[in-house]
Structures are given as C-alpha cells and as structure tokens.
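> no sequence on this one, just coordinates:
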C-alpha cells in the first residue's frame with residue numbers, strides 16, 4: 001500500500017531542531033535502503049518539513065513508522081493513499097458500470 005506523507009514541523013526555531021532533523025534522516029536511511037520508503041523518495045521541503053512515499057503492508061505498519069518519525073520531529077502530518085501505475089491502469093480498463 002502506497003502513501004504520500006507530508007510533514008510540517010511544530011513551530012520552533014529551525015536551529016533548535018537541527019539535531020532532531022539529522023536523527024530523522026539517520027532513521028529514514030534503512031527504510032529507504034529496504035524500499036519501505038519507495039524509490040528512496042524522501043525529500044526535505046524548502047523551508048521546513050519533509051515528504052516521503054511509504055510502501056507498507058498495513059495501516060498498522062504506517063502508524064508505527066509515523067509514530068517513530070513524530071517522536072523524532074514533532075509535526076503535523078498529511079497522508080494521501082496512492083495508486084501505482086499498474087493499479088490505475090487496471091482500474092481504468094474496468095467497466096465502470098460493473
């Protein structure tokens with residue numbers, strides 16, 4: 001299951017969160033290497049925050065990972081479920097009337 005995750009950190013001075021931001025990238029590296037963060041798709045937003053595309057087996061796995069992320073860098077989170085190219089192609093080839 002694919003999810004786009006967009007975070008906006010809690011308000012504080014960016015310099016106060018520097019070590020936490022470094023810890024976040026250290027936490028994310030094995031997830032990117034293993035494919036849980038799909039195609040190494042984790043990016044810092046210009047200004048503050050980050051985005052990532054997670055490829056997980058369950059809602060519970062996503063919840064566990066986001067809880068770990070937010071423990072490192074408290075943030076507001078937006079989550080959007082995604083469909084990959086194969087899934088959307090199959091969906092679009094179906095008869096909409098059923």
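Noted; the coordinates are in hand. All of these numbers come straight from a predicted model, not from anything done at the bench.

> Buried residues of the biggest helix by length in the chain, list them for me.
The longest helix of the chain (DSSP state H) is helix 18-34. Neighbour counts over helix 18-34 (16 or more other C-beta atoms under 10 Å) mark 21, 24, 28, 31-32 as buried. Glycine gets a C-beta too; all of them are placed from N, C-alpha and C.

> Equivalent analysis for stretch 62-81, please.
62, 65-66, 69-70, 72-73, 75.

> now, which of those lie within helices?
Going by DSSP H, the helices hold 62, 65-66, 69-70, 72 from the buried residues of stretch 62-81.

> would TSV of the residues you listed with distance to residue 2 and pLDDT be doable?
Compiled in TSV, those are given as follows (distance: C-beta to C-beta, whole Å; pLDDT from 0 to 100):
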residue	distance to residue 2	pLDDT
62	10	98
65	13	98
66	14	98
69	17	97
70	20	95
72	22	95
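
> Looking at those residues, spot the one nearest residue 5.
residue 66 (6.8 Å; C-beta to C-beta).

> give me every residue that touches the closest residue to that closest one other than its chain neighbours.
Nearest residue to residue 66, sequence neighbours excluded (C-beta to C-beta, 6 or more residues apart in numbering): residue 77, at 6.2 Å. Contacts for residue 77 (C-beta atoms under 8 Å, 6 or more residues apart in numbering) come out as 5-7, 66, 70.
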